[in-house]
Structures are given as C-alpha cells and as structure tokens.
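need the 3D shape of this:
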Amino acid sequence: MRRKICTFLLACSLTVAIAGCAARVKTVTNLPAGVTQTQVQNWDAAVADLQKIASVTTSLRQSVISLNKAGVFPDGPAYADTITGIGKIDELQIEASNYLQSVPSDWSLPTQQKILAETQQIQAILTDMTNTGIVGIKDPASQSQVATLISNIGAAAALIISLTA
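Next up is the predicted model:
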C-alpha cells in the first residue's frame, strides 16, 4: 500500500513540475500610458506563479487526504492543521488571483503590496505546516514527498515576492 502511495505522490510531483512550464508574456505592444513593459511582465509572472501555487496546492491536498485514508497520516492535530493550512493557502491564492484579474496588467505599488502581503501569509502557513503538520506522517518517504510539494509552493511564493522588490 505504501508503494502505491509513494507512486501516487511522485506522479503528482511530476505533473506539477510539467504544468509549470507554460509560455509567458515576453513583449506587449500598445501599452496604456504610464504602464511599462516590466510592469506587465511582472503582473503576468505573478499570475502564472499563483496558478502554480493553485496546482501544487491541489496535488498537496490530494496527497494528504490519500495518506490519511491509507493510515499513513492519521487523524489528529497534525492532520487537522495541515488540511486547515491547505484551505487557507487556497483562500489566499484565490483572493490574490481574483485581485490581479480585477486590475489587468497593473503592477503598481498598491498591487504589489497587496499581493506581497497575501504571499507572505502563504509562506507563513507553509512554515507552520512543515514544522507542525507533516511531522504526523508516519512514513519517511511519504513525509519527504509531501515536504517537496510544500517546497514547490514556497518556491512559487518566493518568485512572487521577488517581483515586488
């Protein structure tokens, strides 16, 4: 059973890695007055990174639930905290994505600050999940694979944060 779970988690990780390779905006013509090429590219990159966070978070949720059903991640505070954290990450990612869609190609300082604040909250949740959540996973290989998914979300969040510097 553990082998099937490990195979499932590996497949999820590969799917997420492949899904993150979409082409992004390189050049935009007919920019509105006051909007730079870099702002549009950064907005587009943030949208792409939020999509990656959504995709990996879905894989993470599915993996954690599968591990729970297999008895590898038993019910308890660690499991509850992990599932709750995943839900909060979803909420923040959806809020940030919706906001960016409401301000197309706007990467002004207020937009950057809003997205930065939500992304920093995602990172804080990931830290909590790493420190107190996944420790409840009994199988070290499964724990490592879940940690990899968490790390992938963190990497996408770090890319968004780098756009606000």
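
when you work out contacts or count neighbours from here on, use the C-alpha atoms and nothing else.
Noted.

name the SS class of the spatially most central residue of the chain, please.
Geometric centre of the chain, nearest residue: residue 53, 2.4 Å, by Cα atoms, centre = their mean. Counting by DSSP: H, G, I helix; E, B strand; the rest coil, the backbone at residue 53 sits in helix.

for the closest residue to it other than its chain neighbours, what are its contacts?
Counting by Cα to Cα, 6 or more residues apart in numbering, residue 153 is the residue found nearest to residue 53 once chain neighbours are left out, at 5.3 Å. Residue 153 makes contacts with 52, 53, 56, 57, as judged by Cα atoms under 8 Å, 6 or more residues apart in numbering.

with residue 74 instead?
68, 136, 137 are the contacts of residue 74 under Cα under 8 Å, 6+ apart.

out of those residues, the closest to residue 124 would be?
residue 136 (18.8 Å; Cα to Cα).

mind listing what that closest one touches?
73, 74, 78, 79.

dump the residues you listed to TSV, plus distance to residue 161 and secondary structure.
As requested, those are exported to TSV (distance: Cα to Cα, whole Å; DSSP: H, G, I helix; E, B strand; the rest coil):
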residue	distance to residue 161	secondary structure
73	31	coil
74	34	coil
78	28	helix
79	28	helix
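
now residue 118: closest residue in space, sequence neighbours ignored.
residue 92 (5.9 Å).

so what pLDDT did that neighbour get?
For residue 92, the model assigns a pLDDT of 98.

flag the shaky bits of the protein, pLDDT-wise.
1-30 (pLDDT under 70).

could I get the contacts of residue 74 in JSON lines, plus columns for secondary structure?
Output for these, formatted as JSON lines (three-state DSSP):
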{"residue": "68", "secondary structure": "helix"}
{"residue": "136", "secondary structure": "helix"}
{"residue": "137", "secondary structure": "coil"}
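
out of those, which is nearest to residue 85?
Nearest member of these to residue 85, counting by Cα to Cα, is residue 136, at 14.2 Å.

I'd like to know how far that closest one sits from residue 61.
Going from residue 136 to residue 61 by Cα to Cα, to the nearest Å gives 15 Å.

surely the residue nearest to the centre of the chain is in contact with residue 155?
No - using Cα atoms under 8 Å, residue 53 makes no contact with residue 155, being 9.1 Å away.

and the closest residue to residue 68 other than its chain neighbours, how far from residue 151?
Distances taken as Cα to Cα, 6+ apart place residue 74 nearest to residue 68, at 5.4 Å, with adjacent residues excluded. Residue 74 sits 22 Å away from residue 151, going by Cα to Cα.
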